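[1] using only what follows, build the 3D model:
(one chain, ligands or ions: 1)
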Amino acid sequence: MAGATVALAAFHWVAAPRAPGGDVPEAGFFKGPRVDVHTHISPVRAEDAVQLMDRFGIDVAVILSAAPPGPEWLRIQRAAAQSDGRLIAFAGMAWAALRYPDRLGELLAAGVHEAHRLGARGIKIPKALGLALPDPDGGLLAVDDPRLAPAFDAAGALGLPVAIHVGDPVAFWQPVDEHNERFAELSLHPGWSYADKDVPSHRALFDAQRRLFARHPNTTFIAVHVAGFPENLDEVDALLNACDNVVVDIAARVPEIGRVPPAVGRAFFLRHQDRILFGTDFGLYPTSMMLGSPLAWPETDRDLSHFFRATWRYLETGTRDFAHPTPIQGDWPISGIDLPDEVLHKVYWDNAARVLGL
Ligand SMILES: [Zn+2]
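    Residues are numbered from 1 along each chain as shown. You can find the predicted model right below:
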């Protein structure tokens, strides 16, 4: 304890941590509403999901489904429609249109209109764009391929936000050895590594994403996972400054944004308090769950409780050096940024309500 006091004094940390004893309630300290803009909830677990949301203080969850309008997506949409406003669903693009390259933009745009007609509240683009989806002319389809433009314009015209996942953690491009900061996760999922794969670099994907955003100023993009570059908040800062049609979510990236000096992280949130959305990447599947990243062992109730409490501890307290929400994603401690209530209100609710039209 004496050591901790000395460390706090040395950093001139003035805010009184809200959880000096280390206990954070499962629903956090914040008393207002929260929207989790980034979840993966199976329709057969919708009722369980709402119970967990009640327990952890989450009022509305966005199911970021990448399924195109069709039978699978309609099951999700039906569960959302029956949830009394607690769950809302995004839909994916109709990528089967890649079989008709001459009509690609037109068919994808038609799929966006169909998703809107069926009640989708936004469009989800998975990381497969840029990393796996094939270009009909050979190679991989680029994130900023101009043939996709009609679909992004259609989303903008319909007022549907586009949640887009570009790239992956920087470590996935680096050699998989004990120097890799995601060694544990990549050891569990060797196929996630791009070290020996013929894919664009992390940098190339991030730059393509920026060109895409600039090309569609009338479309709102939710650049998930802190725009795919949580390891470098200066880059995200520049992106947000350049593209005012872009907001970011923090899903599954509290480990990265929580390891910078808390004053730096806090300043980033204060600067972009109207552009940062709360999200978790919480998944509830028929027989399993996901807490930011799939584990090698079945998640326990203790893991679940830690996942949310560590998230609240990061955003709502000034606690130093504690275990982040997703231990599998890196072996380092994080420190809380103790956001003021009015900023928490924006990050938890106002910004999402604006983008989603709640
Ligand atoms: Zn996700």
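[2] how about residues contacting the lengthiest strand in the chain?
    Taking DSSP state E as the criterion, the chain has its longest strand at strand 35-41. With CB atoms under 8 Å, 6 or more residues apart in numbering as the test, strand 35-41 has contacts from 49, 53, 58-65, 79, 87, 163, 222, 224, 249, 251-252, 277-285, 290, 348-349, 352-353, 355-356, 358. Placement of C-beta: from N, CA and C, glycine included.
[3] that strand pairs with which strands?
    Strand pairing for strand 35-41, using DSSP bridges, gives strand 60-63 (parallel), strand 282-284 (parallel).
[4] need the winner for burial among those.
    Mean neighbour count (mean count of other CB atoms under 10 Å) peaks for strand 60-63 among the strands paired with strand 35-41, with a mean of 26.
[5] run the chain-centre distance for whatever helix or strand comes next after that strand.
    Sequence order places helix 71-81 as the next helix or strand after strand 60-63, per DSSP states H and E. Relative to the centre of its chain, helix 71-81 is centred 21 Å away, using CA atoms, centre = their mean, to the nearest Å.
[6] likewise stretch 56-74?
    Using CA atoms, centre = their mean, the offset of stretch 56-74 from its chain centre is 14 Å.
[7] for that stretch, C-alpha coordinates in PDB please.
    Provided in PDB are the C-alpha atoms of stretch 56-74 (Å, rounded to 0.1, in the frame of the first residue of the first chain):
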ATOM      1  CA  PHE A  56     -24.200  -5.800 -15.900                       C
ATOM      2  CA  GLY A  57     -26.000  -2.500 -16.400                       C
ATOM      3  CA  ILE A  58     -26.500  -2.500 -20.100                       C
ATOM      4  CA  ASP A  59     -29.700  -1.200 -21.500                       C
ATOM      5  CA  VAL A  60     -29.400  -1.800 -25.200                       C
ATOM      6  CA  ALA A  61     -27.100  -4.100 -27.200                       C
ATOM      7  CA  VAL A  62     -26.300  -3.900 -30.900                       C
ATOM      8  CA  ILE A  63     -26.000  -7.400 -32.500                       C
ATOM      9  CA  LEU A  64     -23.300  -6.800 -35.100                       C
ATOM     10  CA  SER A  65     -24.300  -9.500 -37.500                       C
ATOM     11  CA  ALA A  66     -22.500  -9.800 -40.800                       C
ATOM     12  CA  ALA A  67     -25.200 -12.100 -42.200                       C
ATOM     13  CA  PRO A  68     -26.800 -10.700 -45.300                       C
ATOM     14  CA  PRO A  69     -30.600 -10.300 -45.500                       C
ATOM     15  CA  GLY A  70     -31.900 -13.900 -45.600                       C
ATOM     16  CA  PRO A  71     -33.100 -16.700 -43.300                       C
ATOM     17  CA  GLU A  72     -30.200 -16.600 -40.800                       C
ATOM     18  CA  TRP A  73     -30.400 -12.800 -40.500                       C
ATOM     19  CA  LEU A  74     -34.200 -12.900 -40.200                       C
END
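[8] residues of it that come out buried?
    Buried residues in stretch 56-74, counted by 16 or more other CB atoms under 10 Å: 56-70, 73-74.
[9] again, but for stretch 208-220
    By neighbour count on 16+ other CB under 10 Å, the buried set for stretch 208-220 is 208-210, 212-213, 216, 219-220.
[10] show residues contacting it.
    Residues from elsewhere that reach stretch 208-220, judged by CB under 8 Å, 6+ apart: 130, 142-144, 149, 152-153, 155-157, 161-162, 164, 166-167, 200, 221, 223, 227-228, 239, 242-243, 245-247, 355.
[11] which among the residues you listed count as buried?
    130, 142-144, 149, 152-153, 155-156, 161-162, 164, 166-167, 200, 221, 223, 227-228, 239, 243, 246-247, 355.
[12] ok, back up a step: of the buried residues of stretch 208-220, which is the nearest to Asp196?
    In terms of CB to CB, no member of those lies closer to Asp196 than Ala208, at 21.7 Å.
[13] moving C-terminal of the host helix or strand of the closest one, what's the next helix or strand?
    According to DSSP H and E, Ala208 maps onto helix 202-215. Downstream of helix 202-215, the next assigned helix or strand under DSSP H and E is strand 221-223.
[14] who are the packing partners of that next one?
    strand 162-164, helix 202-215, strand 246-249 (3 or more CB pairs under 8 Å, 6 or more residues apart in numbering; DSSP states H and E).
[15] change it to 7 Å
    Packing partners of strand 221-223 (3 or more CB pairs under 7 Å, 6 or more residues apart in numbering; DSSP states H and E): strand 162-164, strand 246-249.
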